[in-house]
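# coordinates only, sequence not included:
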């Protein structure tokens, strides 16, 4: 059995699909990493406004068989009835997709559940009916200590049950692991980080130009874009030898107006909408410093991508960011502290040459590459299966 590739079911609560093309793209990247070592099929179900009960679609991307089951939305004004109907139709959708995967891949060795809710029900079902063990990779911000109390009781109870029966829990950060331990008695943890496609994101040596880059979804309550812009305004009163690019797939026009209203000199900044992976990678190679000033995070892929491109990172100390950034590759500051952001940003612009950009890139590639992360998961699978 050790010579045969394992068959891994990536059971995903989130996954890029036709309705939400960027939903859970970090889960898809994990699937690509595992596909370097195993046979991988990803299963994701999606509620949709459609007349058919179920629509099944499949494709193969980077060696991963991706199976999507779109199911007709449940519309009911009776909460209990609606909940029961949703559970039933979701189970049917999962079964439909699972059966197609087994037809193509054969017997599943391990279910790799990604995000405990709502797909966790089906991982439990496969364990109990077919004795298929499962691991959980967790990304869900709602499980963090500052948010978990707000989760509905039934969801929290279901999540705890699913965590407790997992063979191993693989949070993407120590911070999230400690949060999960509050609701789960499972003793088996192994932190495995998010992954970066190093064929796209990589380092290229360049002359330093004091160019700052921010890339995110531009959701202000999450990423604190106005805090960045306000600080740039203050920085512009001290110096004008820098440039910042703010890029994202949110309401970027709102932030253009915000920057104009506080009268930041236009030659110091650029604010644009969404870019492709390749375009973001090129932006990282043409900038000198990455800035992420979030109010909360787990383990941001964008920090890993920036580091792989050799950029030092200035970030707020939320979630797992302090596990990614230290004095060798950047600076960590308190969240929502514009005075400290201004001070550190001003100092970093004068000390960018003090960083070993090649070492930053190599260290990050060794940690976050497909090969590295894929091997970590393979060892976890083999340990569970005793092979």
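Looks like it arrived, so ask away. Owing to the predicted nature of the structure, the values given are computational and were not obtained by experimental measurement. Numbering: from 1, shown residues only.

# first-to-last residue distance for stretch 184-200?
With C-alpha to C-alpha, to the nearest Å as the measure, stretch 184-200 spans 37 Å from end to end.

# and this structure, what are its domains?
7-195+369-385, 211-367 (automatic domain parsing).

# for residue 202, find the nearest of these.
Closest to residue 202 of the domains of the chain is domain 211-367 (C-beta to C-beta; 6.4 Å). Every residue, glycine included, has its C-beta placed from N, CA and C.

# so for residue 2, what pLDDT did the model give?
pLDDT, residue 2: 48.

# residue 91 contacts residue 122, doesn't it?
Yes: using C-beta atoms under 8 Å, residue 91 and residue 122 qualify as a contacting pair, with a distance of 6.8 Å.

# have a look at the two and say which one is more surrounded.
residue 122 (25 against 14; other C-beta atoms under 10 Å).

# skip the chain neighbours and tell me the closest residue to that one.
residue 94 (4.2 Å; C-beta to C-beta, 6 or more residues apart in numbering).

# what packs against the least confident helix or strand in the chain by mean pLDDT?
Here the helix or strand of the chain ranked lowest by mean pLDDT, DSSP states H and E is helix 79-105, holding a mean of 92. The contact analysis (3 or more C-beta pairs under 8 Å, 6 or more residues apart in numbering; DSSP states H and E) places helix 79-105 against strand 7-12, strand 39-48, strand 54-61, strand 64-72, helix 120-130.

# next, the angle from it to strand 54-61.
Interaxial angle, helix 79-105 versus strand 54-61 (axes from the mean of the first three to the mean of the last three C-alpha atoms, to 10 degrees): 40 degrees.

# could you point out which element follows helix 79-105?
Using DSSP states H and E, the helix or strand that follows helix 79-105 in sequence is strand 110-114.

# show me what counts as buried in that next one.
110, 111, 112, 113, 114 (16 or more other C-beta atoms under 10 Å).

# and for stretch 379-387?
380, 381, 382, 384.

# closest one of the residues you listed to residue 55?
So of the buried residues of stretch 379-387, ranked by how close each gets to residue 55 (C-beta to C-beta), first place is residue 381, at 31.3 Å.

# surely that closest one meets residue 8?
Yes: here residue 381 reaches residue 8: they are 6.9 Å apart, a contact under C-beta under 8 Å.

# what is in contact with these two at once?
Taking C-beta atoms under 8 Å, 6 or more residues apart in numbering as the contact rule, residue 381 and residue 8 both touch 38, 109, 110.

# isn't there a strand covering residue 384?
No: assessed by DSSP: H, G, I helix; E, B strand; the rest coil, residue 384 does not belong to a strand; its assignment is helix.

# against residue 86, how distant is it?
Using C-beta to C-beta, to the nearest Å, residue 384 is found at 31 Å from residue 86.

# over to residue 22?
The gap separating residue 22 from residue 86 is 24 Å, by C-beta to C-beta.

# quick one, which of these two is more surrounded?
Neighbours per residue, other C-beta under 10 Å: of residue 22 and residue 86, the larger number sits with residue 86, 16 against 13.

# wait, residue 366 sits on residue 372?
Yes: with contact defined as C-beta under 8 Å, residue 366 counts as touching residue 372 (6.2 Å).

# the more surrounded of these two?
A direct count of neighbours by other C-beta under 10 Å for residue 366 and residue 372 places residue 372 higher, at 17 against 12.

# wait, what's in contact with that one?
residue 366.

# what is the helix or strand harbouring residue 179 packed up against?
Assessed by DSSP H and E, residue 179 sits inside helix 174-180. The contact analysis (3+ C-beta pairs under 8 Å, 6+ apart) places helix 174-180 against strand 168-171.

# quick one: strands adjacent to the helix or strand containing residue 291?
Counting by DSSP H and E, the element that carries residue 291 is strand 289-292. Sheet pairing of strand 289-292 (DSSP bridges) gives strand 211-216 (parallel), strand 313-316 (parallel).

# what does the next helix or strand along the chain from the shortest one contact?
If I follow you right, that is strand 313-316. Once the chain leaves strand 313-316, the next helix or strand it forms, by DSSP H and E, is strand 330-333. Contact with strand 330-333 is made by 290, 312-317, 321-322, 325-326, 340-341, 344, 348, as judged by C-beta under 8 Å, 6+ apart.

# ok, the residues you listed vs residue 205, which is closest?
Set against residue 205, the nearest of the contacts of strand 330-333 by C-beta to C-beta is residue 312 (14.5 Å).

# wait, doesn't that closest one sit right on residue 349?
No: here residue 312 does not reach residue 349: they are 10.9 Å apart, not a contact under C-beta under 8 Å.

# those two - which one has more neighbours?
residue 312 (22 against 19).

# quick one, what contacts the more buried one?
Taking C-beta under 8 Å, 6+ apart as the test, what residue 312 contacts is 289, 290, 329, 330, 331, 348, 352, 355, 357, 360.

# I'd say residue 47 and residue 68 touch.
No: Residue 47 is beyond contact range of residue 68, at 11.9 Å (criterion: C-beta under 8 Å).

# neighbour count: those two, which is higher?
Taking other C-beta under 10 Å, residue 47 and residue 68 do not tie; residue 68 has more neighbours (22 against 15).

# how about the contacts made by that one?
Residue 68 neighbours (C-beta under 8 Å, 6+ apart): 15, 17, 18, 44, 45, 46, 56, 57, 58, 97.

# swap in 7 Å and give it another go.
By C-beta atoms under 7 Å, 6 or more residues apart in numbering, the residues touching residue 68 are 17, 44, 46, 57.

# give me the spatial nearest neighbour of the last one, chain neighbours excluded.
So the one you mean is residue 57. residue 68 (4.7 Å).

# pairing partners for that neighbour in the sheet, please.
Beta-bridge partners recorded for residue 68 (DSSP bridges): residue 44, residue 57.

# pLDDT score assigned to it?
Listed pLDDT for residue 68 reads 98.

# rewinding a little: tell me the most buried of the helices and strands packed on helix 79-105?
With neighbours taken as mean count of other C-beta atoms under 10 Å, the helices and strands packed on helix 79-105 reach their highest mean count in strand 7-12, at a mean of 26.
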